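Asker: Below are the sequence and a predicted model; questions follow.
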Amino acid sequence: MDNTQTTDPFAPAAPGLLTGKVAFVTGAGRGIGAAAARLFAREGARVLLAARTESQLEAVTVEIRAAGGSADHVVCDLADAASVHSAVERAVELYGRLDVAFNNGATGQRPGPMDELPEADLDAVYRVNLKGVWLAMTAEVAAIRATAGSGAIVNTSSVGSLKANPTLPAYSAMKRAVNSLTESAAVSYGPEGIRVNAIAPGTTLTEMIRDWEAEVPGVVDRLNANTPLRRAAHPDEIAQAAAWLLSDRASYVTGTVLPVDGGMQAA
């Protein structure tokens, strides 16, 4: 019998993916953003959570701190330029630098064909899902450049941005534009050592997908039937991909839109 010990009990624990980094996360009050904030803190980052609903932010922040992580929060409306810039500046005020950012905040749309979507709803999706990402990225690049010098940004897109989506046309159009912003920013800021990538989640068990299910009963089952893994993702599974892309282990990855979709795009 081989009793050779394969691990040294006195060896220091391996550092987390994001040890020593300051991370800014939008949409951090719930869903993928909250899962990412918890994960980033477990992986060693000091995390500033941003979203519109302070009660949700407070709850996640308290949870992270109770688990031994470092976190704070700031109320931020992605549709308001001053609010976005102030939130990013708050990370530098609190922690003295910004290393990485996860632009995950978004709003949904009422399901249906494009001719049935009111213009006001289209404008709302644009302000948050596209302009909000633009505003956040410009502020984050400036903060990274002025403090850490180099870093990484990840934007949340959607697998629906990679093909036609007649049920959520405005939402998918804005997410496809986010893909373009991601690629353009990667080319612009790569020479400075700032990497920019996006993730394209498939069906994920968030409040947004539950709202869609309420509007269109059975939609989750239909989506899962078209997913090779035959299930929806947990928000933490999406957050794991974002954490890797933000970490130094992805040091040669930039300008990519990574599907995290259980194989949906391949099917």
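Answerer: Okay, I see it. Numbering: from 1, shown residues only.

Asker: from here on, contacts and neighbour counts on C-alpha atoms
Answerer: Noted.

Asker: in stretch 79-99, what's buried?
Answerer: 79, 81, 83-85, 87-92, 97-99 (16 or more other Cα atoms under 10 Å).

Asker: In strands, which of the residues you listed fall?
Answerer: Taking DSSP state E, every one of these sits outside strands.

Asker: how near is the residue nearest to residue 117 when sequence neighbours are not counted to residue 32?
Answerer: The shortest distance from residue 117 to any residue other than its chain neighbours is 7.4 Å, reached at residue 110 (Cα to Cα, 6 or more residues apart in numbering). Separation of residue 110 from residue 32 (Cα to Cα, to the nearest Å): 20 Å.

Asker: what about the two, which has more around it?
Answerer: residue 32 (28 against 18; other Cα atoms under 10 Å).

Asker: and the gap between the residue lying closest to the more buried one once chain neighbours are set aside and residue 209?
Answerer: Sequence neighbours aside, residue 235 is the residue nearest to residue 32 in space, at 4.6 Å (criterion: Cα to Cα, 6+ apart). According to Cα to Cα, residue 235 stands 11 Å off from residue 209.

Asker: what do you get for residue 68?
Answerer: The spacing between residue 68 and residue 209, counted by Cα to Cα, is 31 Å.

Asker: higher neighbour count, those two?
Answerer: A count of neighbours by other Cα under 10 Å puts residue 209 above the other of residue 68 and residue 209, at 16 against 11.

Asker: Contacts only, for that one.
Answerer: The neighbours of residue 209, taking Cα atoms under 8 Å, 6 or more residues apart in numbering as the test, are 203, 220.

Asker: Can you check the pLDDT for it?
Answerer: Note for residue 209: predicted pLDDT of 89.

Asker: so residue 23 sits in a helix?
Answerer: No: Residue 23: not assigned to a helix; according to DSSP: H, G, I helix; E, B strand; the rest coil it is strand.

Asker: Show the low-confidence segments of this structure, by residue range.
Answerer: In the predicted model of the chain, residues 1-14 satisfy pLDDT under 70.

Asker: what about the longest strand in it?
Answerer: strand 194-201.

Asker: can you give me the helices for the protein?
Answerer: All helices of the chain, identified by DSSP state H, fall at 31-42, 54-66, 81-95, 119-126, 132-146, 169-189, 207-215, 219-225, 235-246.

Asker: Show me what the second one is packed against.
Answerer: In terms of contacts (3 or more Cα pairs under 8 Å, 6 or more residues apart in numbering; DSSP states H and E), helix 54-66 is packed against helix 31-42, strand 46-51, strand 70-75.
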